[in-house]
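In: here is a sequence together with a model predicted from it:
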Amino acid sequence: MKGNADMTERRDLKPLYKSIALHLVIVLVFFTSFDVTKTPTMPVKEVNIIQAKAVNQDKVQERINQLQKQRQDEERRKIQNQKQSERKLQELKNKRLAEQRRINQLKQKAKNEKQKLAKQKQQEEARLAKLKAERQKAQDKKKQEQERLAKLEEDRKKLEQERKKAEQQLAQVAKQKAAEEARRKAEEQKRKEIEQQLARLERQKKAEQERIAEQQRQAAEKARQQQLIAKANAEKAKYVTLIKQQIESNWLRPISTDEQLSCTIMVRLLPSGEVALAKITQSSGDAAFDDSALRAVYKSAPLPIPEDQIAFQQFRELILPFQPEA
């Protein structure tokens with residue numbers, strides 16, 4: 001930069017040097033052709049040449065002063081730019097350190113959340129194992145009922161065989177009606193009793209089948225409801241976690257607030273995820289902390305919610321514990 005300034009300065013002075021040399025030549029010619037024995041006929045021109053020389057020298061000095069001032073101004077600008085660059089570099093370093101700290105905090109929070117989800121998964125697996133055991137127990141009970149019904153069916157078949165045998169006996173008795181009237185009546189009575197028993201067994205079988213069918217229907221409905229509840233709870237837990245993470249990522253801690261502060265926020269959502277209303281239901285005791293939490297909620301809109309409108313019904317009004325450092 002300095003070498004370029006010197007070259008520029010020399011290019012700017014070159015025309016002045018040429019002008020000065022030209023005037024010196026003119027003066028030299030004038031004095032060599034001037035006869036000192038004669039009275040000069042044009043004294044005014046000589047004065048003008050001397051004055052021009054003086055004026056040109058002043059201009060040269062003025063130009064030199066201007067160039068020196070420009071060089072000094074340039075040096076000052078360079079120093080100011082260098083200081084400004086150093087200040088910006090320091091600011092960037094400070095921002096990078098702050099961002100690294102924030103990333104480390106988010107990583108730790110994600111790790112804690114992962115552990116929490118793992119624990120919830122373990123609890124859910126234990127609950128599903130319990131449901132499986134109950135389902136197996138119900139199947140065993142169903143098998144026992146089927147075995148009991150099979151035994152009832154076997155008894156019915158035996159009674160049916162006995163009924164047929166009795167009818168055969170009655171047919172034989174009919175041929176001997178006169179001699180065997182008393183016996184016929186006894187057999188008839190026995191047949192009626194057998195039919196009553198069969199009818200009773202049939203009614204019992206039908207009632208038992210209806211009872212088993214109702215138990216099976218209730219068990220299936222209960223299992224379906226439990227699966228739906230488990231799925232809905234898992235879906236809700238996932239979106240609640242996403243909502244909390246989005247709110248906490250938009251939260252700015254107020255100056256001089258306790259890191260252990262927490263509050264509870266009621267959030268009312270629209271189907272689009274926009275926040276219709278947010279208010280503190282349990283204060284932290286610090287108004288600045290509560291206000292910062294509400295600002296983070298509104299700033300995070302639209303919040304992540306399920307696309308299914310039926311699932312969204314659980315998100316119309318949420319109660320969210322807010323404890324960023326937990």
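Out: Now that the structure is in, tell me what you want to look at.
In: pLDDT weak spots in the stretch 151-300 of the chain?
Out: Applying pLDDT under 70 to the stretch 151-300 of the chain flags the ranges 173, 225, 228, 232.
In: how about the strands in it?
Out: Per DSSP state E, counting those that start in this stretch, the stretch 151-300 of the chain carries strands over the ranges 263-269, 275-282.
In: a markdown table for those strands, including distance to A234?
Out: For the C-beta atoms, the positions are set from N, CA and C on the backbone; glycine is no exception. Listed next are these as a markdown table, based on distance: least, CB to CB, whole Å:
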| stretch | distance to A234 |
| --- | --- |
| strand 263-269 | 19 |
| strand 275-282 | 24 |
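In: looking at those strands, which is buried most?
Out: strand 263-269 (a mean of 18; mean count of other CB atoms under 10 Å).
In: which strands border that strand, and is each parallel or antiparallel?
Out: strand 275-282 (antiparallel), strand 317-322 (antiparallel) (DSSP bridges).
In: got a list of contacts for that strand?
Out: Contacts to strand 263-269, defined as CB atoms under 8 Å, 6 or more residues apart in numbering, come from residues 243, 275-284, 289-290, 293-294, 297, 303, 305, 315-323.
In: just the buried ones from these, in PyMOL syntax?
Out: With 16 or more other CB atoms under 10 Å as the criterion, this PyMOL line picks the buried residues out of the contacts of strand 263-269:
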select buried, resi 243+275+278+280+284+289+290+293+294+297+303+305+315+318+320+322
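In: if we ignore the residues flanking it in sequence, what's nearest F315?
Out: I305 (5.0 Å; CB to CB, 6 or more residues apart in numbering).
In: and what about the one you found, helix, strand or coil?
Out: The three-state assignment at I305 reads coil, by DSSP: H, G, I helix; E, B strand; the rest coil.
In: that one and G273 touch, don't they?
Out: Yes - applying CB atoms under 8 Å as the test, I305 and G273 come out as touching, 5.0 Å apart.
In: would you mind measuring from L318 to K236?
Out: 9 Å (CB to CB, to the nearest Å).
In: wait, I meant Q176
Out: 82 Å.
In: out of the strands of the stretch 151-300 of the chain, which comes closest to I212?
Out: strand 263-269 (45.6 Å; CB to CB).
In: related to what we said a few turns ago, among Q176 and K236, which residue is more densely surrounded?
Out: For Q176 and K236, the more surrounded residue by other CB atoms under 10 Å is K236, and the numbers stand at 15 against 11.
In: confidence score at the nearest residue to the more buried one once chain neighbours are set aside?
Out: The shortest distance from K236 to any non-neighbouring residue, by CB to CB, 6+ apart, is to Q314 (5.3 Å). pLDDT for Q314: 87.
In: just K116 next, same as before
Out: Reported pLDDT for K116: 90.
In: of all residues in the chain, which one is nearest the centre?
Out: L242 (4.5 Å; CA atoms, centre = their mean).
In: any idea how far that one lies from Q105?
Out: L242 is 18 Å from Q105, by CB to CB.
In: same question, Q216
Out: The value you get for Q216 to Q105, if CB to CB is used, is 53 Å.
In: what does Q197 give?
Out: 80 Å.
In: before we move on, what about A21?
Out: 76 Å.
In: next, L149: phi, psi?
Out: Main-chain torsions, L149, degrees, to the nearest 10: phi -70, psi -40.
In: good, wrapping up.
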